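Novice: Can you look at this prediction? I've put the sequence above it.
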Amino acid sequence: MSGVERAALAAVLAAALVLVGGRSVIARLAAWNVRQAIREDAPARHRGKAGTPTLGGLLLVAAAVLGTVAAAPPTPPVALVLLMMLGFGGIGLLDDVLKVRRGRNLGLRARERLAAQALLAAGAVLYVSRTVADGSTVALPWVGSVELGWIYVPFGMAFILGFVNAVNLADGLDGLAAGLSAIAAGTYAAIAFHRGQPDLGLLAAGLAGACIGFLWFNAYPALVFMGDAGSNALGAGLAGLAVLTKTELVLVVVGAVFVAEALSVLAQVAYFKATGGRRIFRMSPLHHHFELAGWTEPQTVTRFWLLAALAALAGLLVVF
């Protein structure tokens, strides 16, 4: 079986696992009262989502891992990305559990979450920089690879932390994060094969398939949310793929919508503090701004998916 055929198998298996197990998992989460608490400052239309089962990301991650492993034995690079997904997803799971137990959208403190994430990011980056060929380089599109040496460690940590939390911030509308991640992961399957890393291409395909399967239940109106366990794992998976294919800057292009979501929050907070309470956006992250501007939730999600598809094509042009 060729690498492309194995990748297709991983994607189909991952999607099928989510589709087959989705109903029973959602029912179990509801029976255990594992339900979403809505932010008090969220748009008014979101209050009707309170009580929707959450932690569906556990099924998504499990399906991605099982689909990938079933299609081919994991290589060390694949194992590293899977460990990153499980590690960051575990931090998100702890955050989710605390929110559910407290009945409020209040889990780990920001500094606690970032400290745990930083430890994982440091371990992953140190491993890559010391064991992977050209591990401490960064590829500049149309220029070539630049050796960063020890600087790559803080750069890589910032990159991973930034992208993990960017995906988390995008998980605010039904189907948004899952759809964006499916597009980005599918793009990285093509990038990995093009760069002669079919094992990572297989993993990216499995991740894309799991996201597509999850959309069956997470599309508007969502029957289940992925929770931080899912969004953190997705962010770690995409960041890990970029680090190991040495395409960190390409992911900034491919994941442009994620980047825009994160930058909207940073800009909003900075401007608010600098001006004593004024705002750039009606609300951040960016998807809430467009909601409050009059877009419906399905319109916002679909348009963000379209922008992500264009960004993915731009990323492919950079690589190919």
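Specialist: Now that the structure is in, tell me what you want to look at.
Novice: State the phi and psi torsions of the closest residue to Ala293 other than its chain neighbours.
Specialist: Leaving aside its chain neighbours, Ala293 sits nearest to Arg282 (6.5 Å; criterion: C-beta to C-beta, 6 or more residues apart in numbering). C-beta: built from backbone N, CA, C; applies to glycine. Phi and psi for Arg282, reported as degrees, to the nearest 10, are phi -60, psi -40.
Novice: what does Val146 give?
Specialist: phi -120, psi 130.
Novice: How much space separates it from Phe163?
Specialist: According to C-beta to C-beta, to the nearest Å, Val146 and Phe163 sit 20 Å apart.
Novice: tell me the mean pLDDT for the helix or strand where Asp96 lies?
Specialist: According to DSSP states H and E, Asp96 maps onto helix 76-102. Averaged across helix 76-102, the pLDDT comes to 94.
Novice: Then stretch 265-275?
Specialist: For stretch 265-275, mean pLDDT rounds to 94.
Novice: Now that stretch: buried residues?
Specialist: Going by neighbour count (16 or more other C-beta atoms under 10 Å), the buried part of stretch 265-275 is Val265, Gln268.
Novice: Output that stretch as PDB, nothing but the C-alphas.
Specialist: C-alpha atoms of stretch 265-275 as PDB (Å, rounded to 0.1, in the frame of the first residue of the first chain):
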ATOM      1  CA  VAL A 265      -7.500  39.400  21.200                       C
ATOM      2  CA  LEU A 266      -4.000  40.800  21.700                       C
ATOM      3  CA  ALA A 267      -4.800  44.000  19.900                       C
ATOM      4  CA  GLN A 268      -8.100  44.400  21.800                       C
ATOM      5  CA  VAL A 269      -6.500  44.000  25.200                       C
ATOM      6  CA  ALA A 270      -3.500  46.300  24.400                       C
ATOM      7  CA  TYR A 271      -5.700  49.000  23.000                       C
ATOM      8  CA  PHE A 272      -8.200  48.700  25.900                       C
ATOM      9  CA  LYS A 273      -5.400  49.200  28.400                       C
ATOM     10  CA  ALA A 274      -3.600  51.900  26.400                       C
ATOM     11  CA  THR A 275      -6.800  54.000  25.900                       C
END
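Novice: Off-centre distance for it?
Specialist: Distance, stretch centre to chain centre, for stretch 265-275: 24 Å (C-alpha atoms, centre = their mean, to the nearest Å).
Novice: Same question for stretch 16-35.
Specialist: 21 Å.
Novice: which non-adjacent residue is nearest Ala71?
Specialist: Of all residues not flanking Ala71 in the chain, Ala10 sits nearest, at 3.8 Å (C-beta to C-beta, 6+ apart).
Novice: OK, contacts around the one you found?
Specialist: Contact analysis of Ala10 by C-beta atoms under 8 Å, 6 or more residues apart in numbering lists Gly67, Thr68, Ala70, Ala71, Ala72, Leu202, Leu203, Ala205, Gly206, Gly209.
Novice: And those residues, which two are furthest apart?
Specialist: Pairwise distances among the contacts of Ala10 were taken by C-beta to C-beta; the largest, 14.2 Å, belongs to Ala72 and Gly209.
Novice: Give me the pLDDT value at Thr247.
Specialist: Predicted confidence (pLDDT) for Thr247: 96.
Novice: Next one: it from Ala204, what distance?
Specialist: 12 Å.
Novice: residue ranges for the helices of the protein, please.
Specialist: Secondary structure of the chain by DSSP state H: the helices cover 3-31, 57-71, 76-102, 110-131, 152-170, 176-194, 198-218, 227-245, 248-254, 256-275, 286-292, 297-319.
Novice: okay, those helices, which one's buried deepest?
Specialist: Comparing these by mean neighbour count (mean count of other C-beta atoms under 10 Å), helix 227-245 comes out on top with a mean of 30.
Novice: got any residues that touch both of Thr247 and Ala204?
Specialist: Counting by C-beta under 8 Å, 6+ apart, the common neighbours of Thr247 and Ala204 are Ile191.
Novice: So which of the helices of the chain is nearest Ile38?
Specialist: helix 76-102 (10.6 Å).
Novice: I'd like to know which elements the closest one is packed against.
Specialist: Applying 3 or more C-beta pairs under 8 Å, 6 or more residues apart in numbering; DSSP states H and E, one finds that helix 76-102 makes contact with helix 57-71, helix 110-131, helix 152-170, helix 198-218, helix 227-245.
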